[in-house]
Structures are given as structure tokens and as C-alpha cells.
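# What follows is a protein structure lacking sequence information:
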């Protein structure tokens, strides 16, 4: 679907309309989740990505958590950076299992 420029251009407006219709909203969210979301996003939360992290590590691949959020600099809190803790805990949990490959989970945060 991403190969159809007309659909890509119309998508924001189309999604806005569909998300405004109560019953259609649920169908739209489900469709987006099983198509686009699952293709590009590893999980709803950093914790939810742990199975994916494990499978990538088993294939000797690394992961980059990319967390981007718009916040007022005075409102930034530790909860905004929980992916750092998840990545560190994941790496600590596999110490010794993949010693030759080193740490392969990184976090990029843009506030």
C-alpha cells in the first residue's frame, strides 16, 4: 500500500475521518496495527519489545530503541526515559550468553 503515492498522500486525512467514526475507529485501529504498526514498531512499550529483542539477539542482531516525544523541557521526567532501563535490564539478563558480541541494544532519545 505504501507504493501507491495517492494513497500515501491521502492517508492522514483519510485516517482522521475514519478515526472520527465510533465503530469504524476500532476497525481502522486494528487495520493500522496489523499492517503498518507491526511492520515498523516492535511493541507498544519498551517492555513489550523484549521477545523481539531476544529473537534478534539469537540471530546476532542488535536493536536501537528510538524514542521521540514532544515535551516541554520543564515537564521531562524519568518516565520518559524508561526504555533506557529496559535496554539495560535486557543486556544484564543475557550477560555471558553472548559475551563475544558485546552489548547490542542502544537507546536514542529525542525530546
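Sure, I can see it. On a predicted model such as this, the values are computed, not experimentally measured, just so you know.

# so is residue 43 in a helix, a strand, or just coil?
Here residue 43 takes the coil state, with states given by DSSP: H, G, I helix; E, B strand; the rest coil.

# what residues are up against residue 105?
Applying Cβ atoms under 8 Å, 6 or more residues apart in numbering to residue 105 gives the contacts 53, 62-65, 87, 90-91. Every C-beta, even on glycine, is put in place using the N, C-alpha and C of the backbone.

# Recalculate using a threshold of 7 Å.
Counting by Cβ atoms under 7 Å, 6 or more residues apart in numbering, residue 105 touches 53, 62-63, 87, 90-91.

# For those, which two are the farthest from each other?
Spanning the widest gap among the contacts of residue 105 are 62 and 90, at 11.3 Å by Cβ to Cβ.

# Between the two, which has more neighbouring residues?
Neighbour totals were compared for residue 62 and residue 90, and residue 90 leads with 20 against 13 (other Cβ atoms under 10 Å).

# and that one, what pLDDT?
At residue 90 the predicted local distance difference test score is 82.

# Against residue 10, how distant is it?
39 Å (Cβ to Cβ, to the nearest Å).

# on that earlier part again, so which of the contacts of residue 105 are in helices?
53, 87, 90-91 (DSSP state H).

# tell me the secondary structure for residue 65?
strand.

# Quick check: bridge partners of it?
Taking DSSP bridges as the rule, residue 65 bridges to residue 107.

# That one against residue 84, yeah?
No. Using Cβ atoms under 7 Å as the test, residue 65 is too far from residue 84 to be in contact (8.1 Å).

# any residues in contact with both of those two?
residue 107.

# any idea how far residue 48 is from the residue nearest in space to the middle of the chain?
By Cα atoms, centre = their mean, the chain has its centre lying nearest to residue 41, at 3.8 Å. Residue 41 sits 10 Å away from residue 48, going by Cβ to Cβ.
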